[in-house]
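In: give me coordinates for this.
(2 chains, ligands or ions: 2)
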Amino acid sequence: MVWLTGGSLALGLLMVFGLFGLVAIRGFSTFWPSEVVRFTTESGEVVLGQVRGSEERLLTEDQLQQLEDQKGAETVAAVRANGDRTERRRVRSVNLFDTDKNTTAWFDDFELEGSTAGLDGAWERAIERPEWALTVERYAEGRYFGELVGFRSGDTVEEDLDAAWAAFEASRARVDEARADWKYIVGVRIGRDLSAATKDAELSARKVALNEGEGSVEHLAAVARAEELGDENALLTKELQAEANTIEQGARDAALLVRNARGEVDEIEVWDVVRAIPANRIGTLGALGVYVDRWLEFLIDDPRKANMEGGVFPAIFGTVLLTLLMCFVVVPFGVLAALYLREYAKQGLIVSIVRVAVNNLAGVPSIVFGVFGLGFFCYFVGGELIDPLFFPHYGNEPVYGGGGIMWASLTLALLTLPVVIVATEEALAAVPSSMREGSYACGATKWQTIRRIVLPRAMPGIMTGMILAIARGAGEVAPLMLVGAMKVAQSLPLDAQGLHPERKFMHLGFHIYDLGFQSPDSEAAIPMVYTTTLLLILIVVALNLTGVWVRSRLRQRYAAAGA
Amino acid sequence: MNEPPTTRPAVQGTVRPDDVRSVFDAVSKGEAFETCVHPEVAEEDAVLEVSDFDLWYGEKRALYQIGMRVPVGKVTALIGPSGCGKSTLLRCVNRMNDLIDSVRIEGDMRLSGDGIYGPKVDVIELRKRIGMVFQKPNPFPMSIFENVIYSLRIDGERNRTVLDEVCERSLRGAGLWDEVKDRLQDSALALSGGQQQRLCIARAIAAEPEVLLLDEPCSALDPIATGRIEDLIEELKGAYSILMVTHNMQQASRASDYTAFMYLGRMIEFGPTESIFLRPELQETEDYVTGRFG
Ligand SMILES: Nc1ncnc2c1ncn2[C@@H]1O[C@H](COP(=O)(O)OP(=O)(O)OP(=O)(O)O)[C@@H](O)[C@H]1O
Ligand SMILES: [Mg+2]
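Out: Numbering: from 1, shown residues only, chains lettered A, B, ... in the order given. Ligands and ions are numbered 1, 2, ... in the order given. Sure, this is the predicted structure:
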C-alpha cells in the first residue's frame, strides 16, 4: 500500500514537474539570441537562419526505401552507415519570396551538402557562421537574417563593416527618439485624445437630442458645436499627421545594407528596426544583454506583429486586474453565502441540497459560465438594463452591452464561488464552539460574535478559499473568450482616468491560445507560447504566494493554543 | 444502590421522608420528592431565584422541578455526580441553552427580581448582567487587552481612558495584572492555561455582573493554578455573587459558603457548606461528599 500510494504521488509529481520543467526551459530560452548559421543543402539551396531545436530520429526500412527513391543510393548508404539514424534541426530563416515572413523548416543531416561523405559531423562541415550575420527584429515584419555589407546614411554609403556598425548604432539613438515622438503624435494625440474629443462631442449632441427632442434649438446648437469641433479636430489631425510624416521622413534616411541568403543586398531602414543583433559577434555577455533587454520589452511593451513579437504588458495588466477584481467580488460574496449557510440557515434538508448544488457548481464546465456571463451579464444586464438606462445616446453601439472586464470578473467570480463557499464553510465550522459561547456569554449578539470572533478566527481558512479561487480563476480562458478578452485591446481597462469596467481587455491565457492557434505563423509563435505560458504560471504563483503570505501572517496572529 | 440506611438524627424544619433510602428510590422511580433546604438559606437575600424549573433536551428530561435561592454576595457551589445536570442548570441562568435548538424549559428564574425567561426579556441585556467562565479556558483570538474589554467593545465604548481603566481593574481583580501589564497587546492565546482562565474571569467581571457563573473553572488546571483561582474566588466573594460548579469536594468545602447537591436532574439538598459537609441531613448527601458514592 505504501508503494502504491507513494508511487502515485511520485508519478503525479513527476508529471507536474515535467510539464513545468518543459515550459520553464522552453520559456526561458526563447529570448536567448542564438547564433546565425549559413549552409547549403544538397539541392543547392542556401539557408541563413537560426537553429531552434534539434532531434535525432531513427528511419524505418520504408522510410529508407522512400529516401532512396528521392535522393539516391548514396544518401541512403550514408544513413545506413550511421545506423539508420539521422539528426534533424529546425531552422528559422527569412522567406525569400516574401521577406516579410519567416520560414521555419526541418533539415535532416542527409539533406546537407556533402553529407554523402558520412553523416557524422555533416552539420559541422556544412555550416559556416558569418562573422557579420545579423538578426534583425523589425516593427512591422518578421525577423530578418542577413549579412551586414554596409550602412547608408543619406546618400553616403559606409562599406567598412566596423564603421558601418558604429554608424548604425549612432543613428539608432536619433531614430528611436524620432520614433517616440512620432508614436506619441500618432498614437496618443491623434489616436486617443482627438478622436475621443470628437466622439464625446457627437455623443453629447445625441444626448441633447434625446433629452430636448430631435431638432430642438438645443439639439441644433449641440450638433453645430460638435461639427465645429469635429472640423477643428480634423484640421488639427491633418496638421499633426503632417508633423508626424515630417518626423518619419527625416528619420527614414538611414538604412542597413544586408545581404540575404540568395546573395541579394536588401536595404532595411533604421526606422523599421527594433533591434539588430550581430549574433555571432556579441559573445555570451552581449547575448545576456540582449536577453535581458528582450525580457524587459516582453514585460513592459505592447505587442506588435499580430502579438507574435514585442511585449505582453497589456495582457499581464489585464490578467492581474481581472484576478483582483474577481477576488473583490467573490470573497465577500462567498463569505456571506457561507455565513448564511453555516450560521443563519436552519440546518436541514434544504440547506443540504443547497450545499450539494454549490459543490456541483464547481464541476460545471467553465465555458458554460462563459455562456451564462455573455447571456446574462453582457446581453441582459448590460444590453437590456444599463445601456438603455444610462447610455441611450450611444444608440446601437454597446457600452456595457458587450464583453468587458467587469462582466468577465463577475463571470469568473461565479465560476470560483463554490471554492470560496466550501472553504469558508469549513473554516467557520472549525471555529471552536467554546469561543462562540464565550462571546455570547459576554452579551454579544450573533452578528457581533460572527464579526469579532468567528470571522477573524476563520480568516486563514477564507484566505485558503481565495487562494484556490485565484488558482482556478487566473488560468481560465474559455469563458473569457465570450465575455471580453481581446486579441488586441486598444486601451487598458485602468488608466489615469480610473477604472473603465466596460472596456475589453487582454489576458495572458487568451494570448496563449491566440498565439498558438490563431496566429498567421504558428511555427514562429511557438517559442512565444512557451514564454507567455511561463509568465502566466509565474504570475499565478506570485498571486498565490501573496495569499499564502497574508494567510501565514494571520495565522501567526491567532497562533498557538486555544485552537 | 449502596450501604443500608443507618439511624440518623431527626431533622427539624424541612420535609424529609421517614425512610432515608426513599430519596434516591423516589428519584430513580421518578416519583416526586421535596428538596431538603436548610433554614439558613431562607435568611439570606437571594440574587437568583429558581422555582419549579424543568428542562428537556428533546425527549430527554435533564432538570426536574429545581428550586433554589442563590444568596447575594456569597459563593454557592453546585456538586453532584457527572451528568446530573449542573452545567445545564448553570447555562439556564444566562440562557446559553437558547443556542441549543432542542431545549425546552418550564418554570421560572429571576435575577434580582427580574424574570429571566419570558417573552419580553432582552437576552443580550440579560447576559450582560451575568458573567460566565467555562470549564476550558476560551480566550478570544485577539490581544489580552481586547479580550478583557470585549463586553465594552460590543457596547460600542470607545473612550480610551474608560477602556484602560476597566482593563486594569478587571485584570487586577482577576489577579493577572502584574503578569501581563507589559504585554497587553500580545495575543491572549500565548498565555498559559491558568493565566488564560484568569483572563476569562477578568473578562467576565469587566462588565461588573450581578452573578458570576463558574463551570468547573479549575478542572483544566494544575494544582498551583487551581490554588490561585480559589484564592481569587475568595477575594471576589462579597463583591460578586458566585455560582460555581465543581467536582472537587475540597474545593467546594474550602471556597464556598453554600453548597447544593444535585442528583439525576434533581436538587437533593441545599444548605451552608459546613452543614452539607459535616452534618448533612440526608444520608445520600453524606455518602456523596465522603466519596462513598458517586
Ligand atoms: N446538548 C445536549 N443535548 C442533549 N443532551 C444533553 C446536552 N447537554 C447535556 N445533555 C444531557 O443532559 C444531562 C445533564 O448534562 P450536564 O452537562 O448538565 O451534566 P453535568 O452535571 O454538568 O455533568 P459533568 O459533571 O460531567 O459536567 C446529561 O445526561 C447529558 O447527557
Ligand atoms: Mg458540566
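In: could you list the low-pLDDT ranges of chain A?
Out: Where chain A drops to pLDDT under 70, the residues are A:557-563.
In: so which residue is dead centre in it?
Out: For chain A, the residue nearest the mean C-alpha position is A:Leu508 (3.7 Å; Cα atoms, centre = their mean).
In: do I have it right that that one meets A:Ala315?
Out: Yes - between A:Leu508 and A:Ala315 there is a contact under Cβ atoms under 8 Å: 4.7 Å. Where C-beta positions appear, they are placed from N, C-alpha and C, glycine not excepted.
In: what is in contact with those two at once?
Out: A:Thr532 (Cβ atoms under 8 Å, 6 or more residues apart in numbering or on different chains).
In: now the residue nearest to the centre of chain A: closest residue in space that isn't a chain neighbour?
Out: A:Leu536 (4.2 Å; Cβ to Cβ, 6 or more residues apart in numbering or on different chains).
In: from ligand 1, how far out is that neighbour?
Out: Noted for A:Leu536: a distance of 51 Å to ligand 1, by Cβ to the nearest ligand atom, to the nearest Å.
In: go on, B:Cys200?
Out: 17 Å.
In: same check on A:Ser216?
Out: Applying Cβ to the nearest ligand atom to A:Ser216 and ligand 1 gives a distance of 75 Å.
In: for that residue, grab the count of nearby residues.
Out: 13 (other Cβ atoms under 10 Å in any protein chain shown).
In: who are the neighbours in contact with it?
Out: A:208-209.
In: kindly report the same for A:Phe372.
Out: A:411, A:414.
In: so it is in which element?
Out: Assigned by DSSP states H and E, A:Phe372 belongs to helix A:366-372.
In: buried residues in that helix?
Out: The neighbour-count check on helix A:366-372 (16 or more other Cβ atoms under 10 Å in any protein chain shown) flags A:366, A:369-372 as buried.
In: make CSV from the residues you listed and add distance to B:Glu274 to it.
Out: Output for the buried residues of helix A:366-372, formatted as CSV (distance: Cβ to Cβ, whole Å):
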residue, distance to B:Glu274
A:Ser366, 75
A:Phe369, 74
A:Gly370, 79
A:Val371, 80
A:Phe372, 76
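In: tell me which of these is nearest to A:Met486?
Out: A:Gly370 (14.5 Å; Cβ to Cβ).
In: count the residues that sit near the closest residue to the closest one other than its chain neighbours.
Out: Of all residues not flanking A:Gly370 in the chain, A:Pro479 sits nearest, at 3.0 Å (Cβ to Cβ, 6+ apart). For A:Pro479, the count of nearby residues is 25 (other Cβ under 10 Å).
In: shouldn't A:Pro479 be in contact with A:Ala413?
Out: No - counting by Cβ under 8 Å, A:Pro479 does not reach A:Ala413; the two are 11.1 Å apart.
In: ok, how many other residues are close to A:Pro501?
Out: What A:Pro501 shows, counting by other Cβ under 10 Å, is a neighbour count of 16.
In: so where's chain B shaky on pLDDT?
Out: B:1-22, B:294.
In: tell me the contacts of the residue nearest to A:Leu508?
Out: Contacts of A:Leu536 by Cβ under 8 Å, 6+ apart are A:319, A:474-475, A:508-509, A:512.
In: hang on, it is in a strand, isn't it?
Out: No - applying DSSP: H, G, I helix; E, B strand; the rest coil, one finds A:Leu536 to be helix, outside a strand.
In: domains of chain A?
Out: A:37-138, A:144-306, A:313-562 (automatic domain parsing).
In: identify, out of those domains, the most deeply packed stretch.
Out: Among those, ranked by average contacts under mean count of other Cβ atoms under 10 Å in any protein chain shown, first place goes to domain A:313-562 (a mean of 19).
In: picking up where we left off before, near ligand 1 too, which of the buried residues of helix A:366-372?
Out: Checking the buried residues of helix A:366-372 against ligand 1 by Cβ under 6 Å from any ligand atom, not one of them is in range.
In: am I right that B:Leu171 is in contact with B:Val148?
Out: Yes - proximity of B:Leu171 to B:Val148 meets the contact threshold set by Cβ under 8 Å, at 6.1 Å.
In: the more surrounded of these two?
Out: Shown here are B:Leu171 and B:Val148; by other Cβ under 10 Å, B:Val148 has more neighbours (30 against 27).
In: can you name the residues that contact the residue in the stretch 51-200 of chain A positioned nearest to chain B?
Out: The minimum distance from the stretch 51-200 of chain A to chain B, using Cβ to the nearest Cβ, falls at A:Asp200 (48.2 Å). By Cβ under 8 Å, 6+ apart, the contact list for A:Asp200 is empty.
In: I'd like the next helix or strand past the helix or strand where it lies.
Out: Assigned by DSSP H and E, A:Asp200 falls within helix A:195-212. With elements assigned by DSSP H and E, the helix or strand that comes after helix A:195-212 is helix A:217-251.
In: what's the angle from that next one to helix A:195-212?
Out: Orientation check (axes from the mean of the first three to the mean of the last three Cα atoms, to 10 degrees): helix A:217-251 against helix A:195-212 gives 170 degrees.
In: A:Ile450 against A:Glu343, yeah?
Out: Yes - proximity of A:Ile450 to A:Glu343 meets the contact threshold set by Cβ under 8 Å, at 6.1 Å.
In: in space, what's closest to whatever residue of the stretch 1-150 of chain B ends up closest to chain A - neighbours in sequence excluded?
Out: Residue nearest to chain A within the stretch 1-150 of chain B (Cβ to the nearest Cβ): B:Lys128, separated by 3.6 Å. Excluding its sequence neighbours, the residue lying closest to B:Lys128 (Cβ to Cβ, 6+ apart) is A:Gly443, at 3.6 Å.
In: how about chain A: which residue is closest to ligand 1?
Out: Using Cβ to the nearest ligand atom, the single residue of chain A nearest to ligand 1 is A:Ser433, 10.6 Å away.
In: so what does that residue have for phi and psi?
Out: phi -70, psi -20 (degrees, to the nearest 10).
In: so who does it touch?
Out: Contacts of A:Ser433 by Cβ under 8 Å, 6+ apart: none found.
In: check which helix or strand covers A:Ser43.
Out: Assigned by DSSP H and E, A:Ser43 falls outside every helix and strand.
In: could you look up the SS state of B:Thr226?
Out: helix.
In: surely it is in contact with B:Glu216?
Out: No - checked against Cβ under 8 Å, the pair B:Thr226 and B:Glu216 is beyond contact range at 10.8 Å.
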